[in-house]
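Undergrad: just the structure for this:
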Amino acid sequence: MNGKIALEEHFNLPEFSVPNYVNADMMREISRRLLDVTTTRLAEMDAAGIDYSLLSLNAPGVQAEPDRGRGIASARQVNEALAGIVAAHPSRYGGLATLPMQDPAAAAAELDRCATQLGFPGVMLNGYQNVGDAATGWYYDHERYWPFWERAEALRMPVYLHPRDPLPGNQGIYESHPELFGAVWTFTVETATHALRLMTSGLFDRFPRLTIIIGHLGETLPFNIWRINHRASYMGDLIKFSKPLTHYLLHNFYVTTSGNFHTQTLDATIAEMGADRVLFSTDYPYESMREAADWFGNAAINDNDRVKIGRSNSEKLFRLRQLVAA
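TA: This next block holds a predicted model:
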């Protein structure tokens with residue numbers, strides 16, 4: 001399928017380090033590709049039939065900065081740089097805002113600036129926010145973030161919740177098994193748990209029009225949500241939410257195909273959430289655009305769903321029709 005839109009597509013600036021997720025040779029090439037927005041990336045988009053990419057800062061980015069002042073300055077720097085990239089390639093790139101979640105009020109203000117002045121159609125949050133030091137993290141279900149979520153809802157800005165590795169104090173279960181870190185497993189556990197924190201906190205009862213996006217075909221939540229909801233319903237006075245957790249997954253969440261190019265998994269996700277809630281993505285440069293595109297183009301789904309997932313769902317969600325070349 002040609003004309004696809006992709007939205008978990010990472011870039012970087014030289015000022016930000018890149019974690020060593022894979023072997024050294026691969027990381028050198030990944031680091032190079034993260035910095036490239038004019039040559040290799042555009043050629044690979046063309047070869048993969050991707051018309052338009054929403055770019056976002058590589059994880060963990062500003063979310064790993066524990067200092068409030070540096071976080072605010074860094075987020076603004078990233079967004080200005082990304083706005084320049086988009087301005088140079090308006091028919092090929094859009095931007096997902098980077099936000100200084102060290103300061104919820106500053107994050108809301110930067111969100112507003114990115115939406116109203118820079119024209120970004122959404123947000124990328126690279127997991128929990130470090131505050132004070134690398135051992136301390138804030139998750140976004142806390143009431144300190146309610147003003148931020150209120151602004152995101154008012155602006156109709158979808159928020160992509162991207163993975164990062166767990167806090168040092170939560171890594172004990174992985175002792176002696178470093179091979180389980182990153183995209184192998186810890187990303188899934190961390191992000192699925194963060195999403196469940198948002199659901200069970202009552203956030204979507206307070207802000208019912210919020211939209212959250214999670215990658216990798218939902219970080220296992222479409223397959224586990226029935227049991228999670230079934231057992232959570234017995235928690236009595238611990239329950240802070242008013243609707244079944246399945247309701248929030250189906251009404252407040254979208255998932256992407258990023259880095260999960262498996263048709264049986266896609267089929268199960270569509271069966272649980274519907275094709276209208278699935279969005280094409282590749283997870284470049286950690287994954288291959290060509291592999292993602294070849295798989296998606298040949299996956300045994302109907303062509304109407306392929307067009308929805310590949311393009312039209314993203315056009316509607318991010319209001320891109322006026323921006324993306326036909």
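Undergrad: contacts only, for residue 317.
TA: The neighbours of residue 317, taking C-beta atoms under 8 Å, 6 or more residues apart in numbering as the test, are 158, 211, 254, 279. C-beta: built from backbone N, CA, C; applies to glycine.
Undergrad: let's go with 7 Å and repeat that
TA: Residue 317 is in contact with 158, 254, counting by C-beta atoms under 7 Å, 6 or more residues apart in numbering.
Undergrad: so what touches the longest helix anywhere in the chain?
TA: As assigned by DSSP state H, the longest helix anywhere in the chain is helix 68-88. With contact meaning C-beta under 7 Å, 6+ apart, helix 68-88 is reached by 13, 37, 55, 57, 62, 65, 93-95, 97-100, 102-103, 106, 110, 114, 118.
Undergrad: next step: those residues restricted to strands.
TA: Among those, DSSP state E puts 55, 57, 93, 94, 95, 97 in strands.
Undergrad: nearest to residue 259 among these?
TA: Comparing the ones in strands among the contacts of helix 68-88 against residue 259 with C-beta to C-beta places residue 55 closest, at 16.5 Å.
Undergrad: would you list the phi and psi of the closest residue to the closest one other than its chain neighbours?
TA: Here the nearest residue to residue 55 in space, its sequence neighbours aside, is residue 11; by C-beta to C-beta, 6 or more residues apart in numbering that works out to 4.8 Å. Main-chain torsions, residue 11, degrees, to the nearest 10: phi -130, psi 170.
Undergrad: number of nearby residues for residue 229?
TA: 17 (other C-beta atoms under 10 Å).
Undergrad: ugh, wrong one, residue 47
TA: With other C-beta under 10 Å as criterion, residue 47 counts 11.
Undergrad: spell out the secondary structure type for it.
TA: helix (DSSP: H, G, I helix; E, B strand; the rest coil).
Undergrad: residues contacting it?
TA: Shown in contact with residue 47 (C-beta under 7 Å, 6+ apart): residue 290.
Undergrad: now with 6 Å?
TA: For residue 47, the contact set (C-beta atoms under 6 Å, 6 or more residues apart in numbering) is empty.
Undergrad: so what's residue 137 closest to, chain neighbours aside?
TA: residue 128 (3.9 Å).
Undergrad: need the pLDDT of residue 324.
TA: Per-residue pLDDT puts residue 324 at 52.
Undergrad: and residue 82, how far is that from residue 40?
TA: 18 Å (C-beta to C-beta, to the nearest Å).
Undergrad: the residue nearest to residue 55: neighbour count?
TA: 23.
Undergrad: for residue 296, same thing?
TA: 23.
Undergrad: how about residues contacting stretch 178-193?
TA: Contacts to stretch 178-193, defined as C-beta under 6 Å, 6+ apart, come from residues 21, 163, 165, 166, 174, 214, 219, 220, 221.
Undergrad: which of the residues you listed fall in helices?
TA: Mapping the contacts of stretch 178-193 onto helices (DSSP H) picks out residue 221.
Undergrad: how about CSV for the contacts of stretch 178-193, with neighbour count and pLDDT added?
TA: What follows is those, written out as CSV (neighbours: other C-beta atoms under 10 Å; pLDDT from 0 to 100):
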residue, neighbour count, pLDDT
21, 16, 78
163, 24, 97
165, 19, 96
166, 20, 97
174, 16, 97
214, 25, 98
219, 24, 98
220, 14, 98
221, 24, 98
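Undergrad: now do the buried residues in the helix or strand of the chain with the lowest mean pLDDT.
TA: Every helix and strand of the chain was ranked by mean pLDDT, DSSP states H and E. The lowest is helix 24-35, at a mean of 92. Buried residues in helix 24-35, counted by 16 or more other C-beta atoms under 10 Å: 30, 31, 33, 34.
Undergrad: same check, this time on stretch 37-56
TA: 37, 41-42, 44-45, 48-56.
Undergrad: and these, which is closest to residue 262?
TA: residue 48 (17.8 Å).
Undergrad: about what we covered before: and the least confident helix or strand of the chain, what does it pack against?
TA: On a contact count with 3 or more C-beta pairs under 6 Å, 6 or more residues apart in numbering; DSSP states H and E, helix 24-35 meets no helix or strand.
Undergrad: chain center to stretch 158-170: distance?
TA: 10 Å (C-alpha atoms, centre = their mean, to the nearest Å).
Undergrad: can you give me the buried ones in it?
TA: 158, 159, 160, 161, 162, 163, 164, 165, 166, 167.
Undergrad: can you check stretch 112-130 too?
TA: For stretch 112-130, by 16+ other C-beta under 10 Å, it's 112, 114-115, 118, 120-130.
Undergrad: inside strands: which ones of the residues you listed?
TA: 122, 123, 124, 125, 129, 130.
Undergrad: okay if I get those as a markdown table plus pLDDT and distance to residue 152?
TA: Converted to a markdown table, these look like this (pLDDT from 0 to 100; distance: C-beta to C-beta, whole Å):
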| residue | pLDDT | distance to residue 152 |
| --- | --- | --- |
| 122 | 98 | 9 |
| 123 | 98 | 7 |
| 124 | 98 | 12 |
| 125 | 98 | 10 |
| 129 | 98 | 15 |
| 130 | 98 | 21 |
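Undergrad: understood, closing this out.
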